[in-house]
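Q: Provide a 3D model corresponding to the input given below.
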Amino acid sequence: MSINEADRKQRRLETEDPQEMGSSSAHREVEVPRFVGRIIPPLDRLLIRTIPPLLIGAVILWVLLNPTGASTVISDLRTFVTGKFTWLFILYSAFAVIVCIWLSFSRVGRIRLGGPKAKPQHSKFAWYSMLFACGQGIGLIFWSVAEPIMLRDENPVIPAGATGAAEGGIVWTYFHWGLTAWAMYCVVAVCLAYSHHNLGKTLTFREATVDILPSGRSAAPA
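A: Now for the predicted structure:
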């Protein structure tokens with residue numbers, strides 16, 4: 001059984017392993033997610049479909065008409081974010097590593113994506129190859145050399161001084177492309193995979209995380 005087949009079969013009903021349940025026809029109903037891509041109020045759907053394209057178009061037009069001013073504003077915003085919120089970025093990275101460790105060794109880590117009978121579509125070697133090539137391969141080829149050079153004189157780890165900050169540039173590069181980077185990818189991937197393959201939601205981060213928010217009203221049945 002492929003993951004896609006398991007996804008279709010588990011939108012309303014999750015089939016447990018008969019040996020684990022002690023019955024050849026044991027089924028356990030699961031709660032239908034309260035938010036599914038096809039169940040969006042008309043006004044919300046209209047806002048989602050119109051506001052983002054309008055904003056994107058406005059920004060593109062602004063950059064084309066005033067490239068110098070746009071470059072200055074974007075540079076100032078980037079400097080503000082990296083200067084004021086570097087601590088938050090580091091904190092989230094550490095949190096992502098802790099979450100991945102917890103998922104690996106806790107009871108939750110034994111949940112099979114796609115359902116208890118789902119089978120992987122590719123070998124582990126193929127999965128690891130795709131993860132590396134698509135996730136970080138091209139980035140590592142370029143930034144493994146470029147980032148230490150760019151951060152040689154000044155970086156958030158070791159400020160510029162008489163002896164320079166070359167060591168800090170290496171440290172910051174390892175932080176960007178080491179375990180912390182993989183952990184941040186993994187947290188998002190787990191949310192999307194479980195939401196889509198086990199709960200039957202559409203493949204969006206909005207639906208993967210909406211259930212952690214307070215529910216103002218109950219969604220209509222699927």
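Q: count of neighbours near the residue nearest to Leu192 when sequence neighbours are not counted?
A: Leaving out its chain neighbours, the residue that sits closest to Leu192 by CB to CB, 6 or more residues apart in numbering is Ala208, at 5.2 Å. C-beta here means a position set from N, CA and C on the backbone, and glycine is covered the same way. Neighbours of Ala208 under the rule other CB atoms under 10 Å: 22.
Q: I'd say Ala208 and Asn198 touch.
A: No - shown here, Ala208 and Asn198 do not form a contact pair, counting by CB atoms under 8 Å, at 10.8 Å.
Q: ok, back up a step: contact partners for the residue nearest to Leu192?
A: Residues in contact with Ala208 (CB atoms under 8 Å, 6 or more residues apart in numbering) are 191-192, 194-196, 201.
Q: looking at this structure, which helix or strand is least sure?
A: Counting by mean pLDDT, DSSP states H and E, the chain has its least confident helix or strand at strand 13-15, which shows a mean of 41.
Q: next one: the helix or strand containing the residue nearest to Leu192 to chain centre, how far?
A: If you go by DSSP states H and E, Ala208 is part of helix 205-209. Distance of helix 205-209 from its chain centroid, counting by CA atoms, centre = their mean, to the nearest Å, is 10 Å.
Q: try stretch 200-219
A: Its chain's average C-alpha position is 15 Å from that of stretch 200-219, according to CA atoms, centre = their mean.
Q: average pLDDT for that stretch?
A: When the per-residue pLDDT values of stretch 200-219 are averaged, the result is 73.
Q: next helix or strand past the helix or strand hosting Ile149?
A: Assigned by DSSP H and E, Ile149 belongs to helix 138-150. Scanning the chain past helix 138-150 towards its C-terminal end, the next helix or strand to appear is helix 166-177 (assignment: DSSP H and E).
Q: give me the mean pLDDT for that next one.
A: Predicted confidence along helix 166-177 averages 79 (mean pLDDT).
Q: one more: stretch 49-56?
A: The average pLDDT within stretch 49-56 is 93.
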